[in-house]
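# Would you be able to build a 3D model of this:
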Amino acid sequence: MAADLEDGSPAVDLPIDPRPHEEVPTGWHGRAVTVPAPWPGRLEPDASLSRLDGGRVLVGGSPLTVLRFASPIDLNDVVSSAVIDRLVDTGMAHPEPPSSPFTADDVTVVIPVFGNVQALSSTLAALARMPVRTARIIVVDDASPDADAVAATVALAGRRSTRLIRHARNSGPAAARNTGTEAVTTPLVAYVDAGCVPEPGWLSPLLAQFTDPKVALVAPRVRADETRWSDGDDEAESAGLRGRLRRAIAHFETRRSSLDLGDRPARIAPRTRVSYVPSACVVARADEIRRVGGFDETLAVGEDVDLVWRLARDRRLRYEPAATASHDVRTSPRRWLARRFAYGTSAAPLSMRHPRGPVPVRVSGWSAAAWAGVAAGHPVVGASVAATSTALLTHKLANLEHPVQLAIRLAGVGNVAAGGLLANAVRRVWWPIAVPAALFGPKPLRRSVLAAYLIPPLLAWRPNSGIDPFTWLVLCTADDVAYGVGVWAGCVTERTIAPLLPDLSAGRVD
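Predicted coordinates:
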């Protein structure tokens with residue numbers, strides 16, 4: 001089936017009964033239990049959610065899911081914990097608890113730092129200005145060469161509850177965060193990078209999510225602040241062609257930063273719309289971090305993704321954009337591209353720890369075959385493959401009232417989204433193969449590769465982005481190429497090709 005949304009995910013058919021306080025058999029031993037009390041708060045429907053068949057069928061979430069109910073369902077009236085769990089765990093709805101069992105006094109902020117005193121000062125100053133702020137802050141100096149300057153910055157913060165721990169040798173951000181975690185005595189720990197500035201009111205929306213005891217980690221939205229350059233902003237660097245380029249990169253980061261995961265709440269899990277969150281700013285249960293062994297100190301980059309994926313195996317993680325933070329940006333072209341390269345190198349070691357984790361694209365085999373026909377210059381073949389997958393999906397959904405309409409919708413939206421995902425893989429990871437193939441291959445293939453490089457970036461460009469379309473396209477290409485080079489370099493180092501291979505398992509209807 002070709003029901004691949006932006007996350008390349010499958011549609012599944014899961015029958016459940018939403019009747020409140022129903023006696024439900026537990027399974028093999030035949031005993032029964034009573035569904036617990038109503039959810040303490042409200043459920044907010046995800047933007048993808050649609051109601052069909054009079055409210056008895058819900059479609060949406062990430063991965064894209066089809067849920068059937070015995071009777072029409074209204075999110076405002078759901079009291080069954082089994083149904084609430086299903087809606088939340090599929091990403092169809094998002095919990096909005098009215099309050100939290102925790103306060104700011106239950107949170108310790110851990111700030112890892114290596115040099116960059118100015119960034120540390122910005123973060124400490126922002127935390128000090130908060131009307132509601134945590135009572136404890138731990139700064140872990142990872143053997144900065146300017147240790148005295150770091151100590152002076154912490155002292156200037158003027159908080160007796162701010163503690164400084166110094167590493168004797170540089171061990172990386174993962175080790176610094178683990179050192180800070182060991183010193184935490186509160187139930188919650190907030191990891192905030194130096195240079196990250198939590199905005200007023202950031203804690204309350206995050207703490208509310210911990211009303212659910214299954215939630216282990218919550219992350220705010222982290223936006224790039226184009227006015228704060230992490231690599232200098234002197235007049236010489238800001239003038240001339242180089243200065244214009246640096247300003248363009250700063251504008252670009254506000255629109256396409258890898259730290260900014262959007263304005264929609266989500267569950268955090270591999271192969272979903274929000275498959276990871278950066279550790280630039282997150283709040284977690286300290287015991288849960290210790291339970292999974294903390295950050296992997298052998299990873300120089302990608303340690304935050306690894307931690308998130310280990311937690312997500314048996315706990316809930318939430319992305320809550322109602323809470324926001326800003327981060328400084330790298331505007332030096334060399335440092336900016338080097339960081340993109342470094343991000344790419346993390347794919348291979350992550351794939352060794354999490355099979356089927358980092359892949360260039362995850363779509364259904366049907367979608368891949370349909371677009372392969374188009375790329376080869378045979379659009380009729382591609383359309384025939386898409387039509388066949390739609391027919392098979394209609395048969396799978398035959399027990400619904402409108403299977404044909406639903407199948408056309410899922411397959412149509414899915415195939416379009418799959419095209420975007422495949423184009424993204426061509427630009428970012430497969431370009432060392434795709435570009436030579438296009439240069440020396442047949443004309444249809446050349447046109448397809450050119451379309452992959454031009455259409456998605458230009459569709460994402462906005463007139464108010466502060467960048468002209470040509471510069472935007474150049475920066476998108478540089479960003480993608482640098483990341484892809486990093487992926488290939490990581491594969492060579494780790495001797496694996498897993499991050500280069502597509503995952504064609506999406507799209508099953510069970």
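
# how near is the residue lying closest to residue 369 once chain neighbours are set aside to residue 398?
Excluding its sequence neighbours, the residue lying closest to residue 369 (C-beta to C-beta, 6 or more residues apart in numbering) is residue 385, at 4.8 Å. Placement of C-beta: from N, CA and C, glycine included. Look at residue 385 and residue 398: by C-beta to C-beta, to the nearest Å, they are 21 Å apart.

# what packs against the strand or helix carrying residue 415?
According to DSSP states H and E, residue 415 maps onto helix 403-428. Contacts defined by 3 or more C-beta pairs under 8 Å, 6 or more residues apart in numbering; DSSP states H and E place helix 403-428 against strand 57-60, helix 365-375, helix 379-396, helix 443-460, helix 469-494.

# redo that, cut-off 7 Å
Using 3 or more C-beta pairs under 7 Å, 6 or more residues apart in numbering; DSSP states H and E, the elements in contact with helix 403-428 are helix 365-375, helix 379-396, helix 443-460, helix 469-494.

# Would you map the strands across the stretch 1-150 of the chain?
Along the stretch 1-150 of the chain, the stretches classed as strands by DSSP state E, counting those that start in this stretch are 13-16, 23-25, 32-34, 42-45, 50-52, 57-60, 65-69, 93-96, 107-113, 136-141.

# For the helix or strand just after the helix holding residue 415, which outside residues touch it?
Of the helices and strands lying after helix 403-428 in sequence (DSSP H and E), the nearest is helix 431-440. By C-beta atoms under 7 Å, 6 or more residues apart in numbering, the list of residues contacting helix 431-440 from outside reads 426, 445-446, 449, 481, 484, 488.

# Among these, name the buried ones.
When those are checked for burial by 16 or more other C-beta atoms under 10 Å, the buried set is 426, 445, 449, 481, 484, 488.

# Now residue 99: closest residue in space, sequence neighbours ignored.
For residue 99, the spatially nearest residue (C-beta to C-beta, 6+ apart) is residue 208, at 6.5 Å.

# tally of neighbours for the closest residue to residue 116 other than its chain neighbours?
Excluding the flanking residues, the one nearest residue 116 by C-beta to C-beta, 6+ apart is residue 194, at 5.6 Å. Residue 194 has 26 neighbouring residues, counting by other C-beta atoms under 10 Å.

# what's the answer for the one 5 residues further on, then?
By other C-beta under 10 Å, 14 other residues sit near residue 199.

# tell me the contacts of it?
324-326.

# do residue 307 as well
By C-beta under 7 Å, 6+ apart, residue 307 lies in contact with residue 295.

# my guess is residue 142 contacts residue 116, does it?
No. Here residue 142 does not reach residue 116: they are 10.8 Å apart, not a contact under C-beta atoms under 7 Å.

# Got the phi and psi for residue 317?
phi -130, psi 140 (degrees, to the nearest 10).

# My read is that it contacts residue 311, right?
Yes. Counting by C-beta under 7 Å, residue 317 does reach residue 311; the two are 6.0 Å apart.

# what about these two, which has more around it?
Between residue 317 and residue 311, residue 317 has the larger neighbour count (other C-beta under 10 Å), namely 25 against 21.

# How about the contacts made by that one?
Listed by C-beta under 7 Å, 6+ apart, the contact set of residue 317 reads 216-217, 267-269, 308, 311.

# Of those residues, just the buried ones, PyMOL syntax please.
Those of the contacts of residue 317 that count as buried under 16+ other C-beta under 10 Å are selected in PyMOL with:
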select buried, resi 216+217+267+268+269+308+311
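
# Take the contacts of residue 317 and write them to a markdown table, including secondary structure, distance to residue 74 and pLDDT.
What follows is the contacts of residue 317, written out as a markdown table (DSSP: H, G, I helix; E, B strand; the rest coil; distance: C-beta to C-beta, whole Å; pLDDT from 0 to 100):
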| residue | secondary structure | distance to residue 74 | pLDDT |
| --- | --- | --- | --- |
| 216 | strand | 30 | 97 |
| 217 | strand | 30 | 98 |
| 267 | strand | 21 | 95 |
| 268 | coil | 27 | 96 |
| 269 | coil | 26 | 93 |
| 308 | helix | 33 | 97 |
| 311 | helix | 32 | 97 |
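
# surely residue 100 meets residue 206?
No. Judged on C-beta under 7 Å, residue 100 makes no contact with residue 206 at a distance of 8.5 Å.

# So for those two, which sits in the more crowded spot?
Shown here are residue 100 and residue 206; by other C-beta under 10 Å, residue 206 has more neighbours (27 against 16).

# Backbone dihedrals for residue 168, please?
Here is the backbone geometry of residue 168 (degrees, to the nearest 10): phi -70, psi -30.

# Pull the number of nearby residues for the nearest residue to it once chain neighbours are set aside.
The spatially closest residue to residue 168, leaving aside those adjacent along the chain, is residue 143, at 6.5 Å (C-beta to C-beta, 6+ apart). Using other C-beta under 10 Å, residue 143 is surrounded by 14 other residues.

# Residue 49: what's it in contact with?
Taking C-beta under 7 Å, 6+ apart as the criterion, residue 49 is in contact with 58, 60, 92.

# Going by neighbour count, which of these are buried?
Among the contacts of residue 49, those buried by neighbour count (16+ other C-beta under 10 Å) are 58, 60, 92.
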